[in-house]
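1. using only what follows, build the 3D model:
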Amino acid sequence: MQQFSNQEVAELKSRIDEIHELLAGRGGELSTPSTYRSGGGDVSPQAVLLNQLSLSIQMRRIRRNHFGSAELAGPIWDMMLDLMLAENHDRALSASDLATGAGVPLSSGLRMISTLERLALAQRSIDERDRRRTIVRLTANGIERMASYFGKVGVALQNNQMLAA
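-> Next comes the predicted model:
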């Protein structure tokens with residue numbers, strides 16, 4: 001299994017942030033025109049902004065309701081995203097990779113990883129090639145919860161797009 005470098009983790013976090021912005025409808029060229037076209041005709045920038053805000057709030061509420069914990073926000077959520085992406089690329093992340101990707105000091109990152117372990121979403125193990133490193137992976141429960149969360153977000157996104165059309 002390959003491992004991410006700190007630079008790769010930072011790049012992945014940046015990509016995840018871009019994807020989140022696109023899902024929320026705030027990214028790139030979508031926010032530049034003065035009017036927008038939809039199935040029903042032109043839509044004002046204010047209507048688009050309200051739609052984007054609504055989706056962003058809905059995504060946050062879905063996450064809070066789905067995971068049942070307000071702890072999964074900010075850097076801890078960034079770690080969950082990094083871990084899910086690593087899982088899907090069959091790569092391993094160290095505790096220091098996760099802290100770097102989340103933009104927090106290692107000591108804070110270790111406390112956050114402990115929170116993920118307490119919630120049974122992640123687990124630590126010793127790197128077999130370098131016993132000084134700690135590898136962090138999502139548990140089977142963590143993988144399933146993340147996959148079902150993104151399924152719910154996908155439904156919300158589709159519903160939001162249908163309302164905007």
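2. quick one, grab the pLDDT at residue 13.
-> At residue 13, the predicted lDDT confidence score is 68.
3. same question for residue 3.
-> Confidence for residue 3, expressed as pLDDT, is 58.
4. what of residue 131?
-> At residue 131, pLDDT is 90.
5. got the phi/psi numbers for it?
-> Reported as degrees, to the nearest 10, the phi and psi values for residue 131 are phi -70, psi -10.
6. that one: neighbour count?
-> Residue 131: 8 surrounding residues under other C-beta atoms under 10 Å. (Glycine included, C-beta is placed from N, CA and C.)
7. quick check: it vs residue 137, distance?
-> Relative to residue 137, residue 131 is positioned 17 Å away (C-beta to C-beta, to the nearest Å).
8. what's the helix ranked longest in the chain packed up against?
-> Longest helix in the chain, counting residues (DSSP state H): helix 140-164. Packing partners of helix 140-164 (3 or more C-beta pairs under 8 Å, 6 or more residues apart in numbering; DSSP states H and E): helix 45-67, helix 74-88.
9. can you add mean neighbour count, mean pLDDT and distance to residue 158 and give those back as TSV?
-> Listed next are the helices and strands packed on helix 140-164 as TSV, based on neighbours: other C-beta atoms under 10 Å; pLDDT from 0 to 100; distance: least, C-beta to C-beta, whole Å:
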stretch	mean neighbour count	mean pLDDT	distance to residue 158
helix 45-67	15	84	11
helix 74-88	21	94	21
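10. which of these sits closest to residue 161?
-> helix 45-67 (9.1 Å; C-beta to C-beta).
11. would you mind writing the CA trace of that closest one as CSV?
-> The C-alpha trace of helix 45-67 is given here as CSV (Å, rounded to 0.1, in the frame of the first residue of the first chain):
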residue,chain,number,x,y,z
PRO,A,45,-27.5,36.0,-8.7
GLN,A,46,-29.4,36.5,-5.4
ALA,A,47,-31.5,33.4,-6.0
VAL,A,48,-28.4,31.4,-6.9
LEU,A,49,-26.7,32.6,-3.7
LEU,A,50,-29.8,31.7,-1.6
ASN,A,51,-29.8,28.2,-3.3
GLN,A,52,-26.1,27.8,-2.5
LEU,A,53,-26.5,28.8,1.1
SER,A,54,-29.4,26.5,1.5
LEU,A,55,-27.4,23.6,0.1
SER,A,56,-24.4,24.4,2.3
ILE,A,57,-26.6,24.5,5.4
GLN,A,58,-28.4,21.3,4.3
MET,A,59,-25.0,19.5,3.9
ARG,A,60,-23.9,20.5,7.4
ARG,A,61,-27.2,19.3,8.9
ILE,A,62,-27.0,16.0,7.0
ARG,A,63,-23.5,15.5,8.4
ARG,A,64,-24.5,16.4,12.0
ASN,A,65,-27.6,14.1,11.8
HIS,A,66,-25.9,11.3,10.0
PHE,A,67,-22.9,11.1,12.3
